[in-house]
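[1] Dropping a prediction and its sequence here:
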Amino acid sequence: MALLGAQLVISLIMVSVIQKLGNHSFARWLLCSQGLYRYLYPTNSELKSLAGVPKDKPKGKKNSKIESNGKAETFHVPRSLEIQLETAPVTHLDVVHLRFYTEYLWIVDFSLYTAIVYILSEIYTAYFPLKDEFNLSMVWCLLVVLFSFKILLSLTKQYFTSDESMGERSTCIVAFCLFLLIAMMVMIVDEKNLEVGVDPAYDSFYENASKFLENQGLTSVGPASKVIIKLSLAVWAAIIGTLFTFPGLRVARMHWDTVKYYGESKVKTLLHNINFAMPFVLALLWVQPIARHYFAVRVFSGMTKPLMTSQAFDTLRVALVVGTIALRLALMPQQLQAYLDMAQRRLDLQKKEAGRITNIDLQKKVASVFYYLCVVALQYVCPIIMCLYLALMYKTLGGYSWASLFAQGVEPAGEHEKPTVTMEDMEQFQMAWENLKMVFTEDVHRGVFGFATWWCCFSWFLTTALGTTYQTYFRMS
């Protein structure tokens with residue numbers, strides 16, 4: 001209980017820190033202090049001057065299309081008009097009124113505070129290992145995952161509430177069916193090939209839950225069948241894949257634009273390509289013949305043992321997830337700037353079109369890019385936040401250790417043994433939490449969070465890969 005009290009103190013301190021740092025935001029710093037600049041749409045006077053339209057009305061202020069009588073002035077200009085947009089730095093006053101700004105601010109800052117709580121808890125428990133206490137940092141991590149899920153759900157919901165989003169709505173429905181089919185196929189793959197841990201988790205859960213019910217004097221045929229459990233996981237996986245679809249397509253577009261238009265530096269291009277390819281590498285780490293066999297099973301010539309222990313390999317997967325998220329976060333400003341530059345590129349593409357366009361439609365085409373900046377930022381960060389904190393929960397609740405990466409010793413005996421439940425145990429552990437620990441063992445946690453982590457990485461990779469395919473074959477211009 002002393003350790004639980006110490007963890008509670010850490011959590012309370014972090015709550016106090018959050019309150020005191022209310023005016024300092026890491027999320028706002030990412031948007032407003034990284035040199036991002038937005039594009040200003042041309043005023044009516046500028047458009048008239050470029051198009052040769054008579055100026056029969058007084059000039060308005062910069063970026064104002066509302067005349068003194070309160071009505072928007074509308075006129076037509078050629079689509080082929082040569083327009084070079086002016087730029088301005090992105091400031092706090094610019095972004096504070098954008099859509100989903102509050103949600104972006106909350107999820108990024110809360111994720112940072114949760115990371116601090118997790119690091120402090122890991123350091124503390126490294127010196128004072130937990131015995132029967134609950135790791136409170138897992139509550140913080142779970143909240144981050146739930147908040148990210150809620151935000152992605154809110155973003156996807158917009159496609160079903162808008163009358164102008166028929167295409168996006170159909171895409172979501174098709175994506176759900178596709179990911180449901182893929183998830184059901186994954187569920188029948190043998191653990192020797194794809195080690196997501198669902199089957200060992202179910203076996204452990206079934207055995208210990210049945211014994212728990214027997215010790216309680218309840219007659220039951222056991223918990224839900226494996227088919228029902230796998231079907232439920234497949235539906236959850238399909239929902240996650242659907243929520244990741246448009247974020248993945250957006251990230252693929254930003255990566256494409258970054259490499260295509262800002263590829264002068266070979267180092268930056270390499271980093272962006274590594275950043276883009278890492279979800280695929282992470283997904284492969286759960287394919288046993290490709291990953292574990294070479295790292296933790298096969299003994300290469302000239303060596304007496306594998307490159308690392310099995311537990312070290314499991315921890316390595318989590319470490320690579322953390323490293324991938326850190327790289328993607330570091331490259332976020334460049335990716336967002338590539339998105340903002342879309343405003344000028346839209347007008348450059350428009351010059352190839354024939355006909356005319358109204359001044360209001362042209363101005364909306366430019367202004368809408370910056371208007372959705374926070375939406376795009378959420379599409380960028382929410383999937384990686386989910387991957388990160390599911391991986392951290394997988395590491396902690398699965399019983400893995402960071403030290404295993406550096407200490408190549410023998411794995412602890414009985415690490416994979418399944419705990420049994422006896423009447424003596426039930427008499428010793430009377431509290432509900434202790435009873436739950438007997439049912440939800442490390443094997444169960446490894447299966448649940450191992451599958452969740454792998455599936456998020458896989459969905460992340462698949463959606464961005466589809467987006468890249470679309471960019472390559474349909475938007476070569």
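    Looks like it arrived, so ask away.
[2] So residue 457 sits against residue 281, correct?
    No - the criterion here is C-beta atoms under 8 Å, and residue 457 misses it with residue 281 at 9.0 Å. Quick note: C-beta positions are derived from backbone N, CA and C, even for glycine.
[3] Now do the phi/psi pair for the residue sitting nearest the centre point of the chain.
    Central residue of the chain (C-alpha atoms, centre = their mean): residue 383, 1.4 Å from the mean position. Main-chain torsions, residue 383, degrees, to the nearest 10: phi -60, psi -40.
[4] So it sits against residue 249, correct?
    No - using C-beta under 8 Å, residue 383 is not in contact with residue 249, being 11.7 Å away.
[5] Tell me which of residue 457 and residue 281 has more neighbours.
    More crowded of residue 457 and residue 281, by other C-beta atoms under 10 Å: residue 457, with 28 against 14.
[6] Not counting residues beside it along the chain, what's closest to the more buried one?
    Excluding the flanking residues, the one nearest residue 457 by C-beta to C-beta, 6 or more residues apart in numbering is residue 282, at 4.2 Å.
[7] Just the CA atoms of stretch 255-262, as CSV, please.
    Only the C-alpha atoms of stretch 255-262 are listed here, as CSV (Å, rounded to 0.1, in the frame of the first residue of the first chain):
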residue,chain,number,x,y,z
HIS,A,255,4.3,12.9,-46.9
TRP,A,256,3.9,13.0,-50.7
ASP,A,257,3.9,16.8,-50.8
THR,A,258,6.9,17.0,-48.4
VAL,A,259,9.0,14.7,-50.5
LYS,A,260,7.9,16.1,-53.8
TYR,A,261,8.2,19.8,-53.1
TYR,A,262,10.8,19.9,-50.3
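[8] gap between that stretch and the chain center?
    Stretch 255-262 has its C-alpha centroid displaced from the chain centroid by 21 Å (C-alpha atoms, centre = their mean, to the nearest Å).
[9] Tell me the first helix or strand C-terminal of the host helix or strand of residue 48.
    Residue 48 is part of helix 44-51 when elements are defined by DSSP states H and E. Next helix or strand after helix 44-51 toward the C-terminus (DSSP H and E): strand 76-78.
[10] Let me see the mean pLDDT of that next one.
    Averaging pLDDT along strand 76-78 yields 87.
[11] Show me what that strand is packed against.
    For strand 76-78, the packing partners by 3 or more C-beta pairs under 8 Å, 6 or more residues apart in numbering; DSSP states H and E come out as helix 44-51, strand 356-358, helix 359-371.
[12] quick one: buried residues of the first one?
    For helix 44-51, the neighbour count (16 or more other C-beta atoms under 10 Å) marks 44, 45, 46, 47, 48 as buried.
[13] export those to a markdown table and tack on distance to residue 155?
    Output for these, formatted as a markdown table (distance: C-beta to C-beta, whole Å):
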| residue | distance to residue 155 |
| --- | --- |
| 44 | 33 |
| 45 | 37 |
| 46 | 34 |
| 47 | 33 |
| 48 | 38 |
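[14] Compare the mean pLDDT across the helices and strands packed on strand 76-78 and name the weakest.
    Ranked by mean pLDDT, those end with helix 44-51 at the bottom, a mean of 85.
[15] Give me the packing partners of that one, helices and strands only.
    Where contact means 3+ C-beta pairs under 8 Å, 6+ apart, helix 44-51 is packed against strand 76-78, helix 359-371.
[16] what's the longest helix in the chain?
    helix 226-261 (DSSP state H).
[17] chain center to that one, what's the gap?
    The chain centre lies 9 Å from the centre of helix 226-261; the measure is C-alpha atoms, centre = their mean.
[18] after that helix, next one along is what?
    Taking DSSP H and E, what comes next after helix 226-261 is helix 266-284.
[19] Okay, buried residues for that following helix please.
    Neighbour-count burial for helix 266-284, counted by 16+ other C-beta under 10 Å, picks out 272, 275, 276, 278, 279, 282, 283.
[20] So which residues make contact with it?
    Outside helix 266-284, the residues that touch it by C-beta atoms under 8 Å, 6 or more residues apart in numbering are 252, 255, 258-259, 262-263, 290-291, 317, 320-321, 324, 327-328, 331, 334, 454, 457-458, 460-461, 464-465, 468.
[21] Surely residue 75 and residue 45 touch.
    No - checked against C-beta under 8 Å, the pair residue 75 and residue 45 is beyond contact range at 11.4 Å.
[22] ok, back up a step: please indicate which of the contacts of helix 266-284 are buried?
    Of those, these count as buried by 16+ other C-beta under 10 Å: 252, 255, 258, 291, 317, 320-321, 324, 327-328, 331, 334, 454, 457-458, 460-461, 464-465, 468.
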